[in-house]
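**Student:** I would like the atomic coordinates for the input below:
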Amino acid sequence: MYLNRRLIVIVSILVLLSGCTSLSTRQKNAAIGAGIGGVAGAILTNGSAFGTVGGAAIGGVIGHGFDEITSKKK
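**Tutor:** Here you go, the predicted model:
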């Protein structure tokens, strides 16, 4: 039950952040990556705060670099 609430909160924040037009593409990708990483970390560690924060940090870094990776392929 606690994990479901956390998941709803994280997804809601992710949706709100993805709608911000003032953010650059790189910032949006970082926010989306952090949201997805946080959810994945929470699921993989059964709701551990350390796993959630760690997943969000790793996802944010990957999301931040995503724009750079895709622009090199063009």
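**Student:** contacting residues around whichever helix in the chain runs longest?
**Tutor:** Under DSSP state H, the helix in the chain containing the largest number of residues is helix 49-72. Where contact means Cβ atoms under 8 Å, 6 or more residues apart in numbering, the residues beyond helix 49-72 that reach it are 6, 25-26, 29-42, 44-45. For glycine as for every other residue, the C-beta is placed from the backbone atoms N, C-alpha and C.
**Student:** which of these count as buried?
**Tutor:** In terms of neighbour count (16 or more other Cβ atoms under 10 Å), the buried residues within the contacts of helix 49-72 are 6, 29-42.
**Student:** show me those residues that map onto helices.
**Tutor:** Secondary-structure check on those using DSSP H: residues within helices are 6, 29-42.
**Student:** and the residues you listed, which two are furthest apart?
**Tutor:** Longest distance between any two of these is 22.4 Å, between Arg6 and Asn29; criterion Cβ to Cβ.
**Student:** Ile36 and Leu14: what is the separation?
**Tutor:** Distance from Ile36 to Leu14, counting by Cβ to Cβ, to the nearest Å: 7 Å.
**Student:** okay, now Ile8: neighbour count?
**Tutor:** Ile8 is surrounded by 10 other residues when neighbours are defined as other Cβ atoms under 10 Å.
**Student:** same deal with the one 4 residues further on?
**Tutor:** Residues lying near Ser12 (other Cβ under 10 Å) number 11.
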